[in-house]
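Peer 1: mind looking at a prediction? Sequence and model below.
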Amino acid sequence: MNELILQHAVFILQHDGELNAENGLTAALIYQDARIEMIGQLSKDLQLAGLVINLNLPESDETPFRMVENTQPFTLPRSKPTYETAVLQWQADGGLFVRPGLWPAYLAHLARGIQAEIDAFNLLNNVPVDDRALFSDIPLNVGSGPDIARPGN
């Protein structure tokens, strides 16, 4: 289960994450939406060295004491009142913290959406476009005239 969560998170970070280099020393891939925040720390050779996933839960009367948004070390600023709770912290050297919930299903949902966009884009590959109107003013008779593809012409 944890391996599948990591696969989904890495896939999302690779395709929809933004590269962020804090102080020019620590590179990270960041994905953020209204529900979830993922920060993948990269090593010097740009391999995933650590991953933090936080949920952005809505502020309510039941917000646990001290669960207000923390800006250190792995959170991003928010405009809406939320409190963050860590659901996954992973280090390549072996550390792992996971809290159960519905968030792994949300990661899978995000990954399926990204894959659907990739698949839709790939369907257009090698499909001709009707661009006759764009080039109607120039002669397009292939095979007549000088062979411009041959060197020396």
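Peer 2: Structure received.

Peer 1: next secondary structure element downstream of the lowest-mean-pLDDT helix or strand in the chain?
Peer 2: Least confident helix or strand of the chain, by mean pLDDT, DSSP states H and E, is strand 18-22 with a mean of 77. Following strand 18-22 in sequence order, the next helix or strand is strand 26-32 (DSSP states H and E).

Peer 1: after that following strand, which helix or strand is next? Please name it.
Peer 2: strand 36-42.

Peer 1: sheet partners, orientation included, of that following strand?
Peer 2: strand 26-32 (antiparallel), strand 48-58 (antiparallel) (DSSP bridges).

Peer 1: so for the longest one, mean pLDDT?
Peer 2: Read it as strand 48-58. Strand 48-58 comes out with an average pLDDT of 89.

Peer 1: tell me what angle the following helix or strand past it forms with strand 48-58.
Peer 2: Per DSSP H and E, strand 48-58 leads on to strand 82-91 as the next helix or strand towards the C-terminus. Here strand 82-91 runs at an angle of 160 degrees relative to strand 48-58 (axes from the mean of the first three to the mean of the last three Cα atoms, to 10 degrees).
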